[in-house]
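Engineer: I'll drop the sequence and a predicted model, then ask my questions.
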Amino acid sequence: MSIDDELRWDGELTVTRHDRETDTTFVIRIDSTRLGPASGGTRAAHYPSIGHALADAGKLAGAMTLKMAVSDLPMGGGKSVIALPAPRNRIDSATWTRILDIHAENIDKLEGNYWTGPDVNTNSSDMDQLSRTTKYVFGRSVDNGGAGSSAHATALGVFEAMKATARRRGLGTLDGRTVLVQGLGAVGGDVVRLAAQAGARLLVADTDPQRLEAASLAGHTVVPAGEVLRTPCDLFAPCAMGGIIDSGAAASIPTLAVAGAANNILTDPAAGEVLRSRGVLCAPDFVANAGGAFHLVGREVLGWNEDDVVERTRGIGRTLDEVYSLSEERGITTEAAALLLARARLSPASATAAATSAAPAAAAASPV
Ligand code: NAD
Ligand code: PPY
C-alpha cells in the first residue's frame, strides 16, 4: 500500500488533490476509456493512509472497467475516493458540502473523461450537490432530473446472481436454503427482502445495531459481524465491503456458494483458486453487481426505461451461466472465466465493440 507502489499503477490516469482546510485528500483514478468515458462511483471513507486510498481507488476503477465490458455497456472504468479526516458520520454538513464542491471541481476539470455516481457513503442528494458544479454526474435524485438510487437495480441483479449460482451449484431454488447476507445497507437490505420472498432462510450480519434490530423484527436470524466467515450456510452474500475472502478464509468458509454486491470480494486470484478446489461456486462480483450500472448508464446515457433496466439486469443470471460453463470447460476459476469474457470485449481486436460504443459515448457528453 505504499505510495511508491501505487504510483506504479498501470491505469490511464490518477488525479489527486489535498484540501488543507478540511484535511481531506481527493483521488480520481481512470482505469480505462477503451469502451467510452470512464465511469464509477464516489466512495468517501477514512483510510489508514493515502496509499490505502490510492490502492482502493485503483482496484475499484479496474473492477468498473470489467463490469462495463462484461455488461456490454459503452463506458470505461474509473472511481473516486474521498479520503476523509474522520469517519463520514463525524463530518459536519458545512464541511461535507465544501468537500463535495471541491470533488465536483476536480471532476469538471476532466471534461467528461470521467463520470461519477453514488457509492459507499455518497447518495443521490450528494450527486445533486456535485451537479451544481459539474454535469459529469449520474444518479442525481429523480426530482433533480437524475435516475435516482441504483441500489434497487443492484439488489435485483445480485438476487438473479444468487439464483443462478445456487442452481449451478446443485442447490436448486433458494426456497428452504440458508442464505447469509453480510451488510444490510441500501443493497443488502433489498437482497434480504428478495431472498426471503423466494423462501430462503435468512441469516444477517451488520455492524449497525439499528439495521440489525429491523432485520431481527422482520424474523431474520442475526449473526455477529465477526462470525460471518465461520457461520455455516448454503450461500454467502457479501453486501458490505470488499476484500473479505482471502486464501485463508477461502480454505475454511462453511458455504457452498458465494454471490454478493460488494466490489472486489476476493483479495486476489489465489483466493478464487482455493474456493474452486473446495467446490465453492463464486459469482464474480463485477458480473453480479452490474444492476446499478445498467440503471445509471441505461437511464442516463442510453435512454432506457425502467422495464429495459429490469430486463437487462435479469440477464445477469444468463451471463453467469456463460461464465460458469466457460469455467467448467477450461478448468479455470469463475473469476478468470469472467475476465476472459470482459477482456474479449476490451481487446484491440474487438474493434466493433469500440466503434459501436462511440455513439453512446458521445451521447454521454449530453445525457438524456
Ligand atoms: P451501504 O453503505 O448502504 O451499506 C453497507 C452496509 O454494510 C451498512 O449497513 C454497514 O453498516 C454494513 N457494514 C459495513 N461494514 C460491515 C462489516 N464489517 N460487517 C457487516 N456489515 C458491515 O452500501 P450499499 O450501497 O448497500 O453497497 C454495498 C456494497 O455493494 C458496497 O461494497 C458497494 O461498493 C457495492 N455496490 C453497490 C452498488 C449500488 O448500487 N449501491 C453497486 C455496485 C456495488
Ligand atoms: C458501481 O457499480 O460499483 C458503481 O460505482 C456505481 C456506478 C455505476 C456506473 C456509473 C457510475 C457509478
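Structural biologist: It's in. Ligands and ions are numbered 1, 2, ... in the order given.

Engineer: dihedrals phi and psi, residue 123?
Structural biologist: Note on residue 123: backbone dihedrals following degrees, to the nearest 10 are phi -140, psi -170.

Engineer: right, and it touches residue 151 too?
Structural biologist: No - using Cβ atoms under 8 Å, residue 123 makes no contact with residue 151, being 9.1 Å away. C-beta: built from backbone N, CA, C; applies to glycine.

Engineer: any common contacting residues for these two?
Structural biologist: Common neighbours of residue 123 and residue 151 are listed as residue 186 (criterion: Cβ atoms under 8 Å, 6 or more residues apart in numbering).

Engineer: out of the two, which sits in the busier spot?
Structural biologist: Legend: neighbour count by other Cβ atoms under 10 Å for residue 123 and residue 151, higher for residue 151 (23 against 15).

Engineer: just give the nearest non-adjacent residue to that one, would you?
Structural biologist: residue 186 (3.6 Å; Cβ to Cβ, 6 or more residues apart in numbering).

Engineer: go on, residue 113?
Structural biologist: residue 37 (5.7 Å).

Engineer: now the residue in the stretch 51-200 of the chain that ligand 1 sits nearest to: how far from residue 55?
Structural biologist: Closest residue of the stretch 51-200 of the chain to ligand 1, Cβ to the nearest ligand atom: residue 185 (1.7 Å). Separation of residue 185 from residue 55 (Cβ to Cβ, to the nearest Å): 23 Å.

Engineer: one more: residue 37?
Structural biologist: From residue 37 to residue 55 the distance is 23 Å (Cβ to Cβ).

Engineer: more neighbours, those two?
Structural biologist: Per other Cβ under 10 Å, whichever of residue 37 and residue 55 has more neighbours is residue 37, with 24 against 21.

Engineer: so does the longest helix along the chain get close to ligand 1?
Structural biologist: Of all the segments assigned as helix in the chain under DSSP state H, the longest by residue count is helix 50-70. No - Helix 50-70 lies apart from ligand 1 when judged by Cβ under 6 Å from any ligand atom; the minimum separation is 7.6 Å.

Engineer: need the CA coordinates for that helix. PDB is fine.
Structural biologist: Taking C-alpha atoms only, helix 50-70 is exported to PDB below (Å, rounded to 0.1, in the frame of the first residue of the first chain):
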ATOM      1  CA  ILE A  50      -3.100   7.900   1.300                       C
ATOM      2  CA  GLY A  51      -1.500   4.700  -0.100                       C
ATOM      3  CA  HIS A  52      -4.600   2.800   1.000                       C
ATOM      4  CA  ALA A  53      -6.900   5.300  -0.600                       C
ATOM      5  CA  LEU A  54      -5.000   5.200  -3.900                       C
ATOM      6  CA  ALA A  55      -5.000   1.300  -3.800                       C
ATOM      7  CA  ASP A  56      -8.700   1.200  -3.100                       C
ATOM      8  CA  ALA A  57      -9.500   3.700  -6.000                       C
ATOM      9  CA  GLY A  58      -7.300   1.700  -8.400                       C
ATOM     10  CA  LYS A  59      -8.800  -1.700  -7.600                       C
ATOM     11  CA  LEU A  60     -12.400  -0.300  -7.700                       C
ATOM     12  CA  ALA A  61     -11.600   1.500 -11.000                       C
ATOM     13  CA  GLY A  62     -10.300  -1.700 -12.500                       C
ATOM     14  CA  ALA A  63     -13.500  -3.500 -11.400                       C
ATOM     15  CA  MET A  64     -15.600  -0.800 -13.200                       C
ATOM     16  CA  THR A  65     -13.700  -1.400 -16.500                       C
ATOM     17  CA  LEU A  66     -14.500  -5.100 -16.300                       C
ATOM     18  CA  LYS A  67     -18.100  -4.500 -15.200                       C
ATOM     19  CA  MET A  68     -18.800  -2.200 -18.100                       C
ATOM     20  CA  ALA A  69     -17.100  -4.600 -20.600                       C
ATOM     21  CA  VAL A  70     -18.800  -7.800 -19.400                       C
END
